[in-house]
Every structure is written in C-alpha cells, then in structure tokens.
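**Student:** The following comprises the amino acid sequence and a computationally predicted model.
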Amino acid sequence: MNLIHRCGALLLLFFLALHVPVFAQGGSAPTPASGSSATAQELGVAELRARFDRLPTKVDNNGELRGLLSDINAIAAQTDAFIAAQSTQLADLNARLGELGNAPTAPGSSEDPDITRQRNTLIKQRNSLDADVRLAKLLAIDTQQRASDLVNQRRKLFEAQLTERAPSPLGSEFWKDIAQAWPDDVSQLKALADEVRSGIAVARAPTHRTAVLLSVLGAVLVALLGNWLAERALVKLAVRVLPAGRLRRSLLVIAIVGTNVALVGLAAQWLHATLDAHGVLGEQTRKLAMGAVQSSIFIAFVVGLGRALLSIPRPSWRLPPIQNDRAAQLAPYPWLIAAVATLVWTPSQVNAIVDASFAAVIATHVFTALCLTALITAIVLRLGISNAAPPPLPGHASADAAPPTERPVWVGLLLSAVLVAVVVIWVLVVVGYVAMASFLASQLTWTAIVVPAFYVLFKFADDVFTALVSSRSSFGARMQKSFGLAPQTLDQAAVVLSGISRIALFFYMVVALVLPLGTGPSEVFQRSGALGAGFKIGEFELVPGAIFSALAVALGGFIALRVLKRWLEDHYLPNTTLEPGMQSSLTTLLGYVGGVLVVAFALSALGIGINRIAWVASALSVGIGFGLQAIVQNFISGLILLAERPVKVGDWVVLGTSEGDVRRINVRATEIQLGDRSTLIVPNSEFITKTVRNMTLTNAEGRVLIRLPMPLTTDAARARDVMLAACRDHTGVLLTPEPSVTLDGIESGFLIFQVIAYVQSPRVAGGVRSDLLFTILDGLKSAALPLVAYAAPPAPTLASSPAPEPLPGVAPTPPTAAPTTAPPTAA
C-alpha cells in the first residue's frame, strides 16, 4: 500500500524537523558507503558507462521503474566516488608538477634528463586522469538526466493509472471479471499459502521452535510492555528535568512517538531477522514479512501520535485544546486508523507478491476507497456530534461543568469539505474511476496523519524558541544580563525565530503532502534538496540555504558587535585617558561601522554582490534627490559631530532658547536633556549649520553672576566683605579662580554691586546662585545694610489714602519720585 511506503518518508521528515531545518544544497544522490567507494575506484569510467548504457530507457510498470531508478542511483553514487578519488590524485599530480616547474624555454638552457622524463610522465598521467574525470562528470550528468526522465515517466504512468476507467462495482461486468480471474488468483494464493504453511512447519521444528517462540515473546514484550514502561519513565523524566511550561508538553509528545516507533520497529526487525535466520521465510513470505515490518512501524507512529496528542491519562499535558469528553470519544480512533490502514494494506501487498489479476487489483482499489472513506466519515461525524451536543438538562451531573467552547467557523467548513470529498470518492467508485477514488481516499487519510504530526512540530518549534530566547526564560535573562539586550528585543527575536522555523517546517509538510504514489524517503530528500538548491524570481536566485546563512551571519555579527562594544565600554576605554564624551563617541561610531559591515556580510552570504548593491545605491541616489536630502544631511552631520566633536556627549549646550546636557548622538538626531528632565530631539544638521553655544567645550567650569542694587548711603566696603564672605563659605564655590565683588556703577541713584563666583560645572550654577542669594541677604540684614524696598505706586482714587510707611532703614520717598531701578538680578 502506498500509505505504508510514504510513512517512512513522514517518519524521516518528522525526526529531521526536530533539528532546526537546514536545506540541502543541491539534489545529489545519497552518499555512498565505504564499500561503494572502493568498488568505484576499482571500476573505471568505461565500465560505469557500459553498465549505464545497458540499462533500459523505458519500463512498463511501477515496480520495474523503481528498480531501474535504484540502479541508476547506484551508478551515480559510484561515479561521484570515482570523481572524488580521481580528483584527489589529479590535485597531487598538479602539486608535483608545480614543484618541478616548467621546462626551460630559453635558448641554450638545459636541465637534468631525469627531471624532464619525470615531468613528461607526470604530464601523461595528469592528462589521462583529467580525461577520466571529464568523462565521469559527463556520465554523472547523464545519470541525473536519466533519473529525471524516469521520474517523469513514473509520474505519467501514475497519471495514466489514475485516469483509467474500470467497470463499475454496481455493474455485472465487474463481478464477471472477478469470477473469471478467481481460479487463477486462487491458485496463486495457494502457492503463497503453501509457503506460509511450510514456514510454520519449519518454525515448529524442534531445532527452531525455542528460538522462534522466544523471539515472538520478546518482540511482544518490547512492543507492549516496553512502550508502557518507557512512557511512564519519560513522564517522570520530563517532570524531573524539564521546567514547567509548554516545552515540556510538546517535547514529551515527540519523545513518546519516537520511543513507540523505535521500540516497535526494533521488535519487528528482531522478529523478522530471527525468522529469516532460521529459514522460516521463503521468497514470497520474506516480502510479506518486510511489508509487515513497515506496517508495524506505521501502526506505532499513528497510535503513538494519537495517544500522545489526546493524552487521556494526563489532561493537563494535552497539547491541542481538546476537552476531556471529546478526547475520550476520540481515543479509539488512532487504533482504528492503524487497523483499517493495515486491513487495506494486506490485499494490495498480497496482490503485488502473487502478481494477482487486473480484476483483483480493481477490487482492491474499491475495497481501499470504501474502507478509508468509511473511517473518515466516522471520524468527521464523531467530531460533528461532539461539537453539536445539546446542553445538559438542569440538575444533571454535567450541568455544572464548564460549557463547551464554540467551534470556529473554519472547522465546520473543513469538516464539510471532507464530507464533500467523501461523496466525490463514492461517485468515482460508482462511475468506475476506482484508481482515482482509491488515491483520493488514501490522500485524505495521509493528510489526516501528516497534519497532526506537523502540528506537533509547529508547537515544538514555538515552544523551543519561547523557552530559550524569550525574556521570560532563564536563558533569555542571562542573555539580557550579558549582552545588555532589552526584553522586547529578546521577545521579538523569539517570535522571528519561531516564524522562520515554522516556514521551514511548512515546506517539509507540503513536500510530505504532495508525495505521489510509490515515492520513497530518498526521493523526498532529493526533492527537498532540489528545492533547497534555489529557485529564481526574475533575475534573482533565491536559495533557502543562503537565506539561513545570511540570517546566521547577521545574528552572529550583531551579537559579536554588541559584545565588542560592551567590552570597550566596560573594560578597555575606562582604562584610557580619553574623556567620557570621547569614549561614547568612539563606541557609537564603532556601532555604525560595524553595523554596515555586518549588513554587507549578510548580503554577501545571501548572494547579493557588489554590482547589485551598486544598483541599490543608484536607486537610493534617485530617492535622495527627490525627498531624502534632509535625512542624508542629518546622517552626514551626525558623522561630522562624532568625528570633529564640536559637541559631544555630556556637554552643556545652548541652542536658541533651549539649553541642556547632550545625552546621545544618534544617526539622525541628537538627544538633549533639559532642566525640567524633558528630552529635546534636535536634528544633527542644526549643530552644523547654526550657531551653538557649548558651555563645556574647552572649560567645564560654570560662573555665578549676581547683581544687587543698594542705596547710595550704603557702606560699600562692608557690603563687599559680606558678599565675599558668603562666597568663600559656600562649599560649591571654587577657590581658584577666587570669587570677586565689584561696584559696577550707579544707576538711578543706587549702587550696583556685581558678585562673580566660579563653580565646578554650569549644571550646579543655579543652585549655588540661590544659596548665595539667601546667604548674602541674611548677611546684609545682620550687618544693618538694607536693600532698597520697592512699593508699587497707588492707583488714583477719589478718596485719599494714607501714604505707605517706609521700611526700617529706608528713607521715605515721595510718591512722584518712586525709583524705577530693576530688581536684583543674578545670572
């Protein structure tokens, strides 16, 4: 049965996809073993060509075509081994000729005759080997073309078989053909039955009985008891080793399926080897036994996958969102699928072994289509009934249970489409297209097996990257601490990696779903290798392997760049004499240059050369000419800021009416933190094309300026002493340069004192100025040196009001002569 043949391909795809999918570079033939390599070295290219020419170019049936394709693949493997061996010898000969050098060509020059003779001998050997390698490469091309032609013939033969019409099972001709072919088929079945009886007699012989019985019992114990013990051991191991989460569930499903297949396959192979070694199997029963081994592996895979997904004993470990009652209803169906598939496989396998009549083959197709569609219909109806179950009655035991979740619309559409396909298959059977009906029924069953298998792999891929890369995982927390990555970056990386792995798994799922009849696992990987070699979109060749290489280069490059920047910031640059602003500028510039190099290396790994990058640059230049001038101007300005450093990180700058600390110089803009803790984003071109005041470019000290008006009668010397004392007593005022107090002049009849003090940074000037004002005012009050008090002139009113009393120490001033001097200022 084709379903059994394709199960091997699905198993290989299933366990290959557990590793991060890597596409093969080319669809080369399987790697030959060591024995094949030795045989290829003994055989010359002439013998391999003769063997290839003796092979037929066309065949009439699928079995002969499969054998011919196997012979061609063997010749191709031996040819590749021959090319590899001869290429090594050819390289050695070229190296020896290079050591001898060229023959002297100058007139009158000569060399040792032994060297000339040795050179001529090596040249002859090299030419002979080179000719053989060229012929072998031509033979390899011919084998690939012949294999491709055979695959096309196989496809055409398959299509012809599908479109061939046979008598309808509802007509009398169908049953007449079976009745006419019945005697011949029975006679051929008797030969198989006789071989089976003779094998049983051999197994019952005293010399073989014990070994056969022990092997049967051992195989049963390994397949049943071994699986039972292994499943419980895996559950305990998962609880003990793996942390709680989704990864534990998906990994347990894969482990259970893999263990079931491995143990059942081991038991079946053990039993088959024992029976064959004791002479129990004949020529036909050996083929039947090999088919039984494949069938047992198929049963183990289907049953293990179904039991692991439904997880009846452990509902909390169930991977798909299925309710307990529905899971209990679906529990027998994995066994039923395996039993029906085996029941369908048996007649087709027997027909192939005994070379049954065409009528028997047609009857087998009808039996296959009806059995598989009956199974599919039962599953669909069970799913529909469980979804459409009526609500429980009030007071019923299940009335308090959680209500069933509403079924999505796409599930109902999918079930309806399956029922329509079943009806179409029945119509095809009635009309007489039984081969097409059998194929469609097998495809539906195959799809019902492939989709759940890859559902597990999709979940596993998502759970792996969530558990390893996500910021919520322990490994992600260590990466966040080591590389200084943001949690959002790790979560985004986990989502992207999960998406890439799902795309690769989807590729293998499509390959598994579209397998034609009779395709084996080797052809699956040849097809995946051919697709992995790349395909063209216009003039650009898209190679999946190159995409993964480019992603790996980009990921590794940015991680290495992040580690290098972190090492420079934390270890190397702090031990240099560079100031902090210069250190920040160097690391930022390194990030830009390193990012450009990583992107260039990734594009190179993707297969995009310098010429294509030049085309991209040309296209960008057009865009720059139209609308990207400002962006490019800001980018170049940012590079100038990092190189010339007129403004660097940590400087106090004044730009227009805004001033603050430069916190970061980005590619396009610079971030300035203002006094109110807000951030001002300034385009880099503003620092290049406009006037900028850098308060800390050459000198990081700040200046405090205070202007105080005082009456003309004030003792100026005493006032100066009070102000100087306040400056010297403040811890924030620098002693060098020392503070000073000057009499700036007389304005509107008042003395203007100017206090200048220097502080460590302009960022603390405001606080020091406030402290000095408080201290100076208290000192002047203690020294009886009052400031001028201002009072606003009264507004004119009809009623008279008393004049305001003067403040202590201040001479009364007539209302018409109110001073207009500005209040005390400080800068």
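**Tutor:** All right, it came through fine.
**Student:** what's around the nearest residue to residue 559 once chain neighbours are set aside, how many residues?
**Tutor:** Spatial nearest neighbour of residue 559, chain neighbours left out: residue 483 (6.8 Å); criterion: CB to CB, 6 or more residues apart in numbering. C-beta here means a position set from N, CA and C on the backbone, and glycine is covered the same way. Per other CB atoms under 10 Å, the neighbour tally for residue 483 reads 15.
**Student:** how close does residue 483 get to residue 118?
**Tutor:** Relative to residue 118, residue 483 is positioned 60 Å away (criterion: CB to CB, to the nearest Å).
**Student:** likewise residue 412?
**Tutor:** Here the criterion is CB to CB. By it, residue 412 lies 83 Å from residue 118.
**Student:** so where's the stretch 51-200 of the chain uncertain?
**Tutor:** Residue ranges of the stretch 51-200 of the chain with pLDDT under 70: 59-66, 106-109, 151-162.
**Student:** should've said the stretch 351-500 of the chain
**Tutor:** Counting by pLDDT under 70, the stretch 351-500 of the chain shows low-confidence ranges at 384-408.
**Student:** Helices of the stretch 701-827 of the chain, start to end?
**Tutor:** In the stretch 701-827 of the chain, the segments counted as helices under DSSP state H, counting those that start in this stretch are 716-729, 765-782.
**Student:** and residue 88, which of those is closest to it?
**Tutor:** helix 765-782 (79.0 Å; CB to CB).
**Student:** and the most centrally placed residue in the chain, what does it touch?
**Tutor:** Centroid-nearest residue in the chain: residue 497, 2.7 Å away (criterion: CA atoms, centre = their mean). Counting by CB atoms under 8 Å, 6 or more residues apart in numbering, residue 497 makes contact with 465, 469.
**Student:** In terms of helices and strands, where is it?
**Tutor:** According to DSSP states H and E, residue 497 maps onto helix 487-513.
**Student:** which secondary structure elements does the longest helix along the chain contact?
**Tutor:** Secondary structure of the chain per DSSP state H: the longest helix is helix 113-162. With contacts defined as 3 or more CB pairs under 8 Å, 6 or more residues apart in numbering; DSSP states H and E, helix 113-162 has these neighbours: helix 45-54, helix 62-100, helix 434-468.
**Student:** Single out the most deeply packed of those.
**Tutor:** Highest mean neighbour count among the helices and strands packed on helix 113-162 (mean count of other CB atoms under 10 Å): helix 434-468, with a mean of 21.
**Student:** and the angle from that one to helix 487-513?
**Tutor:** Helix 434-468 runs at 160 degrees relative to helix 487-513, counting by axes from the mean of the first three to the mean of the last three CA atoms, to 10 degrees.
**Student:** between helix 434-468 and helix 113-162, how big is the angle?
**Tutor:** Inter-element angle recorded for helix 434-468 and helix 113-162: 120 degrees (by the same axes, to 10 degrees).
**Student:** could you redo the helices and strands packed on helix 113-162 as JSON lines and give each row distance to residue 309?
**Tutor:** Output for these, formatted as JSON lines (distance: least, CB to CB, whole Å):
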{"stretch": "helix 45-54", "distance to residue 309": "48"}
{"stretch": "helix 62-100", "distance to residue 309": "34"}
{"stretch": "helix 434-468", "distance to residue 309": "6"}
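**Student:** how much space between residue 472 and residue 493?
**Tutor:** 13 Å.
**Student:** can you check residue 697 too?
**Tutor:** Distance, residue 697 to residue 493, using CB to CB: 41 Å.
**Student:** out of those two, which sits in the busier spot?
**Tutor:** residue 493 (18 against 15).
**Student:** so what's that one up against?
**Tutor:** Counting by CB under 8 Å, 6+ apart, residue 493 has contacts residue 469.
**Student:** Also residue 417?
**Tutor:** Contact criterion CB under 8 Å, 6+ apart gives no residues in contact with residue 417.
**Student:** This structure: strands as residue ranges?
**Tutor:** With DSSP state E as the definition, the chain shows strands at residue ranges 535-537, 540-542, 652-655, 658-665, 669-674, 679-683, 693-694, 702-711, 740-747, 750-759, 825-826.
**Student:** Which one of the helices and strands packed on helix 113-162 lies nearest to residue 189?
**Tutor:** Among the helices and strands packed on helix 113-162, helix 62-100 comes nearest to residue 189, with 19.3 Å by CB to CB.
**Student:** Any idea how far that closest one is from the middle of the chain?
**Tutor:** Relative to its parent chain, helix 62-100 has a centroid offset of 36 Å by CA atoms, centre = their mean, to the nearest Å.
**Student:** how much does that helix deviate in direction from helix 45-54?
**Tutor:** Going by the same axes, to 10 degrees, helix 62-100 makes 160 degrees with helix 45-54.
**Student:** Can you name every helix or strand that helix 62-100 contacts?
**Tutor:** Partner elements for helix 62-100 (3+ CB pairs under 8 Å, 6+ apart): helix 34-42, helix 45-54, helix 113-162.
**Student:** With distance to residue 312 added, can I get the strands of the chain in JSON lines?
**Tutor:** What follows is the strands of the chain, written out as JSON lines (distance: least, CB to CB, whole Å):
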{"stretch": "strand 535-537", "distance to residue 312": "45"}
{"stretch": "strand 540-542", "distance to residue 312": "45"}
{"stretch": "strand 652-655", "distance to residue 312": "71"}
{"stretch": "strand 658-665", "distance to residue 312": "58"}
{"stretch": "strand 669-674", "distance to residue 312": "59"}
{"stretch": "strand 679-683", "distance to residue 312": "59"}
{"stretch": "strand 693-694", "distance to residue 312": "74"}
{"stretch": "strand 702-711", "distance to residue 312": "77"}
{"stretch": "strand 740-747", "distance to residue 312": "92"}
{"stretch": "strand 750-759", "distance to residue 312": "78"}
{"stretch": "strand 825-826", "distance to residue 312": "83"}
